[in-house]
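Colleague: Sequence first, predicted model second:
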2 protein chains.
Amino acid sequence: MVSDVFKALADETRRYILDELSDRDGQTLFELCTRLIGKYGIGSSRQAISQHLDVLEAAGLVTTRRDGRYKFHYLDTAPLRAITQRWPTPPSKEDR
Amino acid sequence: MVSDVFKALADETRRYILDELSDRDGQTLFELCTRLIGKYGIGSSRQAISQHLDVLEAAGLVTTRRDGRYKFHYLDTAPLRAITQRWPTPPSKEDR
DNA sequence: TTGACAGGCAAGTCCGCACTTGCCTATTGT
DNA sequence: ACAATAGGCAAGTGCGGACTTGCCTGTCAA
């Protein structure tokens, strides 16, 4: 049901995950954990990150690919378009 | 502190409020209450809506103007730009 | 001036959600 | 085969946030 993109974005840790995937796409769970600690000081457990990824995937913001014992995570920003389409933002001065 | 646009958008009732203001800008609290019930079946109390408006205003998505015993609410979509700027979305086929 | 109307304040309840804990499954290398 | 690695599952906890309840303040019309 593209379950609530907005609620997926509500959590700051999940937004950092999107940032991280935006910086380097296709990371595994463990990669994300270590890099989130290093770059943003996020001290969440592996399970916590895993649950966040589930939420992001349910919202369609992250897609996954399995390969052996690795699972790679990819960012998909397409669902974000629905936001600006719902409440159109007039172009800012910088955009013109 | 432009306190968390994302959390402001996380609640569905608040999103309906933005829809309503997008449709008719400058409504009072009571106007919003009656129209939210009529159009979306939202049965929240006046106080609940008032609290939602506080959150939206704190997030910068709604501005207000006082006039006598009336308080008018206006939509401001500017904070939404930060979202698509944070995770740039490639233009969809429809946009081209 | 007094009643009706528009809105504000504050304490309390309740549920969802982020996070932990503990254990389990599957894949890979030696 | 077996240990290490990558990840999954499920129950429990604690806190924030949505909502209610009750009462108060300020404005306007008769």
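Modeller: Ah, there it is. Numbers count the residues shown, from 1 in each chain, chains lettered A, B, ... in the order given.

Colleague: tell me which parts of chain A are close to DNA strand C?
Modeller: Chain A has residues A:7, A:10-11, A:13, A:43-45, A:47-48, A:51-52, A:55, A:67-69 near DNA strand C, with proximity defined as CB under 7 Å from any atom of the strand. (C-beta placed from N, C-alpha, C; glycine too.)

Colleague: go again using 6 Å as the cut-off
Modeller: Counting by CB under 6 Å from any atom of the strand, chain A comes close to DNA strand C at A:7, A:10-11, A:13, A:44-45, A:47-48, A:51-52, A:55, A:68-69.

Colleague: Please list which of those residues are also close to chain B.
Modeller: Subset of the residues of chain A next to DNA strand C in contact with chain B: A:7, A:10, counting by CB under 8 Å from any CB of the partner chain.

Colleague: who wins for most neighbours among the residues of chain A next to DNA strand C?
Modeller: Most neighbours among the residues of chain A next to DNA strand C, by other CB atoms under 10 Å in any protein chain shown: residue A:52, with 23 neighbours.

Colleague: How much space separates the nearest residue to it once chain neighbours are set aside from residue B:65?
Modeller: Leaving aside its chain neighbours, residue A:52 sits nearest to residue A:14 (4.9 Å; criterion: CB to CB, 6 or more residues apart in numbering or on different chains). The spacing between residue A:14 and residue B:65, counted by CB to CB, to the nearest Å, is 35 Å.

Colleague: May I have the phi/psi pair for residue A:63?
Modeller: Taking degrees, to the nearest 10, you get phi -110, psi 160 for the backbone angles of residue A:63.

Colleague: and what of residue A:64?
Modeller: Torsion angles, degrees, to the nearest 10, at residue A:64: phi -130, psi 160.

Colleague: on that earlier part again, which one of the residues of chain A next to DNA strand C is nearest chain B?
Modeller: residue A:10 (3.7 Å; CB to the nearest CB).

Colleague: quick one, strands of chain A?
Modeller: Using DSSP state E, the strands found in chain A span residues A:62-67, A:70-75.

Colleague: For those, could you give me JSON lines that also reports mean neighbour count and mean pLDDT?
Modeller: Formatted as JSON lines, the strands of chain A follow (neighbours: other CB atoms under 10 Å in any protein chain shown; pLDDT from 0 to 100):
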{"stretch": "strand A:62-67", "mean neighbour count": "12", "mean pLDDT": "97"}
{"stretch": "strand A:70-75", "mean neighbour count": "16", "mean pLDDT": "98"}
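
Colleague: Output these in JSON lines; the columns should cover distance to residue B:90.
Modeller: Listed next are the strands of chain A as JSON lines, based on distance: least, CB to CB, whole Å:
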{"stretch": "strand A:62-67", "distance to residue B:90": "15"}
{"stretch": "strand A:70-75", "distance to residue B:90": "11"}
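
Colleague: so what's the residue nearest to residue A:52 up against?
Modeller: By CB atoms under 8 Å, 6 or more residues apart in numbering or on different chains, the contact set of residue A:14 is A:8, A:52, A:55, A:56.

Colleague: how much space between it and residue A:81?
Modeller: Applying CB to CB, the value for residue A:14 to residue A:81 is 18 Å.
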